[in-house]
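[1] pasting a predicted model and its sequence here:
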Amino acid sequence: MQLDDLATTAGEWLRGSGPEADIVMSSRVRLARNLADFPFISRATAQDRGRIERILHERTLAIAGETDLLYVNVSQLEKVDRQFLVERHLISREHAEGQGTRAVAIDSHETFSLMINEEDHLRIQVMQSGLNLTSVWEQINRIDDLIEQKVTYAFHERLGYLTACPTNVGTGMRVSVMLHLPALVITRQIDKVFRSLQKISLAVRGLYGEGSQAMGDFYQISNQVTLGRTESELIRQVSDIVPVIIDYERQARDFLIKESHENLHDRVSRAYGILRTAQTISSEETMHLLSSVRMGVNLGLIHDLNIPTINELFIRTQPAHLQKLTGGELDTADRNIERARYLRRHLNDDNNGGAEKN
Amino acid sequence: MKCQQCDKPATFHITELTGGKPQELHLCEEHARQYLTAPASEPAASGNMAAVLAHQMAIGQTAEELARLDQQACPVCGITFYEFRSQGRLGCPHDYVCFQAQLEPLIVNIHGESEHVGKRPTRPAGGSERRTQLIRLRREMKEAIDDEHYERASKLRDEIQRIENEGN
């Protein structure tokens, strides 16, 4: 499998299935691990980084089994390719913008990725569509066990898995769900929801993690604490709160339908209209409008479009994806023209049942 | 003398007088420029957590205590406590042992707990700590080679191989 093959496929987590998939885009767990016999990244020499990469490359390939694993040396990638992996949530922005030897291994369904030499030696990530945290945890736990048979992790009897930053020590685990909350944004209740989440030590981030803005009304909710609780407890902490937020979002949608049905229908229809006819359009505007269209489909206001198609458009209309799909470097103005063309092609297709991917 | 941040010769010798106690720095041209052009209190690019950490560390310490603390270094990876405070990232697994007294309150502050109760590796306990020593041995071997102490380097290499083989 080659990196370019990904450009024409869609990750498993975008397929829009699984419990509560109208609101929960994806469930994700990541584990931070380090090899016991190397310094953490901040003190690793170029030689150390090279050896860590070789060891983890060799030993993680062995765990893949029959899965077709794509292994990429991130340090040798062009900027657009690194950005492409970030847009697909396969690597972090830090990993894309980092320095020195670093890599990522990705399975062909894009359900898991292994980042090597990110902030920690190894970051394992598993992602699935919908609200499926228990299943995600089972999968990542299996992968972690398999890798652990091949390497000695840095582990402390009392503190657990040791990480470069003390904020991750213990389980090294970050549990997150990506939620689509347009109605809470429209009804201006979103800040209230976030404040209450922060009180119970859950973090809220945008679509692309720390510091990224809440593009397209997507929000990631994750645990802050990693020590002193079992992995199952951490999963439960997030799993228990998500239905509450889903309920708020549904109430807000009901309210909009009841109290201002015409306004809502108008908003959704206009968004769909612009996306189908625009000749030049920015990434921000696209995300904003797609968000309304996505909600419109889920509320039955738009009938000729399905969720996987919209989910994919969120990813494929981003800068690096557009450049990969058109096969050349584009400046912002050209990208906006290309993006509009791409959207028209995909949204005006009579049979856009998700069958046609390009 | 080598630069404290890389392997190039140190051509700049800086005595830092802010921070309580005079501190000597030996840096190559590149790192000296970086050091001198960096703003005095940079929360670093590593994100706000590092800044929060640094802030908490400094609370309740006198300048002298802080300066003394800052100069403590990990015998395994060589990171100083000051470097940790400014980057918010530790240098090696052994830092959790050698900076335990300082990290403990910080960890409790972040997590509200101080003991791991989650999954554990199935490997025998202690293996991990022994392997941590490889970090020190490799560093010492590199230094021995750099100083042309080849006999010592070869002894260290044998010891490294012995420990490496134990784990496999």
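    Yep, that arrived. Numbering: from 1, shown residues only, chains lettered A, B, ... in the order given.
[2] low-scoring stretches of the stretch 1-150 of chain A, by residue?
    Applying pLDDT under 70 to the stretch 1-150 of chain A flags residues A:1, A:64-67.
[3] which parts of it are helices?
    Secondary structure of the stretch 1-150 of chain A (DSSP state H, counting those that start in this stretch): helices at A:3-6, A:46-61, A:79-87, A:93-97, A:133-148.
[4] what do you get for chain B?
    B:29-37, B:48-58, B:63-71, B:81-87, B:95-98, B:100-111, B:127-146, B:150-166 (DSSP state H).
[5] quick one: the longest one near chain A?
    Pointing back at helix B:127-146 there. Yes - using C-beta under 8 Å from any C-beta of the partner chain, a contact is recorded between helix B:127-146 and chain A, made by B:127, B:128, B:129, B:131, B:132, B:134, B:135, B:138, B:142. C-beta here means a position set from N, CA and C on the backbone, and glycine is covered the same way.
[6] how about the second one, nearest residue that isn't a chain neighbour?
    It stands for residue B:128. residue A:36 (4.2 Å; C-beta to C-beta, 6 or more residues apart in numbering or on different chains).
[7] what's the answer for residue A:296, then?
    In space, residue A:296 is closest to residue A:268, 3.3 Å off (C-beta to C-beta, 6+ apart).
[8] count the residues that sit near that neighbour.
    21 (other C-beta atoms under 10 Å in any protein chain shown).
[9] from chain B, how far out is it?
    Distance, residue A:268 to chain B, by C-beta to the nearest C-beta, to the nearest Å: 37 Å.
[10] sorry, back to before: nearest to residue B:162, of the residues of helix B:127-146 next to chain A?
    Closest approach between the residues of helix B:127-146 next to chain A and residue B:162, by C-beta to C-beta: residue B:134, at 10.3 Å.
[11] what sits against that closest one?
    Residue B:134 makes contact with A:36, A:37, A:38, B:160, B:163, B:164 under the criterion C-beta atoms under 8 Å, 6 or more residues apart in numbering or on different chains.
[12] can you pull the pLDDT of the fourth one?
    Residue B:160 is assigned 87 on the pLDDT scale.
[13] quick check: closest non-adjacent residue to it.
    residue B:137 (5.0 Å).
[14] I'd like to know how many residues surround the one you found.
    Neighbours of residue B:137 (other C-beta under 10 Å): 20.
[15] give me the contacts around whatever helix or strand the residue nearest to residue A:296 lives in.
    Assigned by DSSP states H and E, residue A:268 belongs to helix A:261-277. Surrounding helix A:261-277, the residues in contact under the criterion C-beta under 8 Å, 6+ apart are A:256-257, A:281, A:285-286, A:288-293, A:295-296, A:299, A:301-302, A:305, A:343-344, A:347-348.
[16] what about 6 Å?
    A:256, A:289, A:292, A:293, A:296, A:301, A:302, A:343, A:347, A:348 (C-beta atoms under 6 Å, 6 or more residues apart in numbering or on different chains).
[17] among those residues, name the ones in helices.
    Filtering these for helices - DSSP H - leaves A:256, A:289, A:292, A:293, A:296, A:343, A:347.
[18] nearest to residue A:101, of the residues you listed?
    residue A:343 (38.4 Å).
[19] from chain B, how far off is the closest one?
    34 Å.
[20] one more: residue A:63?
    15 Å.
[21] tell me the contacts of that residue?
    Counted by C-beta under 6 Å, 6+ apart, residue A:63 has contacts A:146, A:147.
[22] then residue A:198?
    Contacts of residue A:198 by C-beta under 6 Å, 6+ apart: none found.
[23] and it, what are its phi and psi?
    As for residue A:198, its main-chain torsions (degrees, to the nearest 10) stand at phi -60, psi -30.
[24] bridging residues for the nearest residue to residue A:89 once chain neighbours are set aside?
    In this structure, residue A:89 finds its nearest non-sequential neighbour in residue A:127, 6.6 Å apart by C-beta to C-beta, 6+ apart. Beta-bridge pairing for residue A:127 (DSSP bridges): residue A:28.
[25] by proximity to chain B, which residue of the stretch 151-300 of chain A wins?
    Residue of the stretch 151-300 of chain A nearest chain B, by C-beta to the nearest C-beta: residue A:228 (2.3 Å).
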